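Chemist: coordinates for the following, if possible.
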Amino acid sequence: MKYIITIDGGTTNTRCILWNENREDVAVEKRAVGVRNTAVDGNNSKLKEAVKSCLDDLLAKNGIAYDDVKRIIASGMITSNVGLVEIPHVVAPASKEDLAKAATSVLLEDICPLPIWFIPGVKNYGGEITLENFEAMDIMRGEEVESVAIIENYPRGKEYLLVLPGSHTKFVMVDKEGRMTGCLTTISGELLSSITNDTIIADALGRQYVEKDTYDKEKLLLGYDTAQRSGIGRSCFSGRILNQFTLKEKIKVANFITGVVLQNDVVAIKNSTALNTTPETTVIVGGKEPLRTIFVDILEHDGHFAKVECFENLENKPLSAMGAYMIADLSSVL
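Modeler: Here you go, the predicted model:
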């Protein structure tokens, strides 16, 4: 039996998955090392060591050798200038076929004896970025393979906006042919983390985040509506006012602040020239709970988009690995 290995290299973590010929993920190895280490250290030594040990342990623990591996496929920030090898972005509009054509094989003998196929990221524009057009520019590495995996579940002939919540929430526009025509990134996750832990209202929230069992839709939407009227700065301080005089349960205030922060994301996706959405665009929300439900509730409450759907990964396999596998399948890689 010949195996496939996918490498998902992110900002803070690296994950290698072993797949058998039946496309079943049979084992996984992870390391808490990512491109952030490269940025901090000024070199990618730790990242190289992490990928090598991940691959070596994956093989050793499953009793196989590199002779049993058909291909190794990598995606994510590992293809950036702070990763293992920088692969130029594909310019949008980009289909999975375009990504397959641009996949690049590189032999890194200090990591493994087989060449690694790197799948590039996608950027919105290939020309000069100026003060007049910078707002329309955005880039992604990793979310494009997740998007490919999600798009496969929906019919062509409609425009979609994919929502991928996280510390850096990514919004990906998909045209009627299934091509990614642009993306938009916000730092709402990091912003929420800073507000929750490092501001004067941290005590009002109890330095806690909304979990699935503490989600309060009413308080979330109260925060959303307040931010629409008063802006994020004033609305955040209103969280302290609420806790002192009205809401003694700090988790209720955490729900309120989550709504405040995410209201900014909705403004961005409705108005940014990076996406060019319309009210007819169907929104598909992925990611983990409770953020998936939170985004659906907020977008339905806002009412701008006529249709908002929730995407559940029923296969329970990492979308990044599934997308990378699909792209590799289209090229001569597999």
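Chemist: return the distance of the residue located most distally from the centre of the chain relative to Gly239.
Modeler: Distance from the C-alpha centroid of the chain peaks at Phe245, with 37.8 Å (CA atoms, centre = their mean). Using CB to CB, to the nearest Å, one gets 11 Å for the distance from Phe245 to Gly239. In this view, the C-beta of every residue, glycine as well, is placed from N, C-alpha and C.
Chemist: and Leu299, by the same measure?
Modeler: Counting by CB to CB - Leu299 and Gly239 are separated by 22 Å.
Chemist: local confidence estimate at Val333?
Modeler: Here, the pLDDT recorded for Val333 equals 63.
Chemist: what do you get for Tyr325?
Modeler: So Tyr325 comes in at 89 (pLDDT).
Chemist: and the closest residue to it other than its chain neighbours, how many neighbours?
Modeler: Leaving aside its sequence neighbours, Tyr325 sits nearest to Thr6 (CB to CB, 6 or more residues apart in numbering; 6.3 Å). When neighbours are counted by other CB atoms under 10 Å, Thr6 registers 27.
Chemist: kindly report the same for Thr38.
Modeler: 22.
Chemist: OK, contacts around it?
Modeler: If a contact means CB atoms under 8 Å, 6 or more residues apart in numbering, then Thr38 has 44, 46-47, 82-83 as its contacts.
Chemist: related to what we said a few turns ago, out of Leu299 and Gly239, which sits in the busier spot?
Modeler: Gly239 (27 against 23).
Chemist: list the contacts of the strand or helix carrying that one.
Modeler: For Gly239, the host element (DSSP states H and E) is helix 232-245. Defining contact as CB under 8 Å, 6+ apart, one finds that helix 232-245 is touched by 195, 199-201, 203-205, 223, 226-227, 230, 250, 252-253, 256-257, 260-261, 263-264.
Chemist: doesn't Cys183 belong to a strand?
Modeler: Yes: counting by DSSP: H, G, I helix; E, B strand; the rest coil, Cys183 is part of a strand.
Chemist: is it true that it touches Asp138?
Modeler: Yes: counting by CB atoms under 8 Å, Cys183 touches Asp138, with 4.8 Å between them.
Chemist: stretch 171-187: end-to-end distance?
Modeler: 12 Å (CA to CA, to the nearest Å).
Chemist: typo on my end, it should be stretch 118-129
Modeler: Stretch 118-129 end-to-end distance (CA to CA) = 26 Å.
Chemist: give the rounded mean pLDDT of it.
Modeler: Stretch 118-129 comes out at a mean pLDDT of 96.
Chemist: list the buried ones in that stretch?
Modeler: 118-125 (16 or more other CB atoms under 10 Å).
Chemist: going by distance to Asn13, which of the contacts of Thr38 wins?
Modeler: For those, the minimum distance to Asn13 (CB to CB) is 10.9 Å, reached by Leu47.
Chemist: I figured the closest one hits Thr12, correct?
Modeler: No: shown here, Leu47 and Thr12 do not form a contact pair, counting by CB under 8 Å, at 11.1 Å.
Chemist: pLDDT score assigned to the closest residue to Gly206 other than its chain neighbours?
Modeler: Spatial nearest neighbour of Gly206, excluding adjacent residues (CB to CB, 6+ apart): Lys250 at 3.4 Å. Looking at Lys250, its pLDDT is 97.
Chemist: thank you, goodbye.
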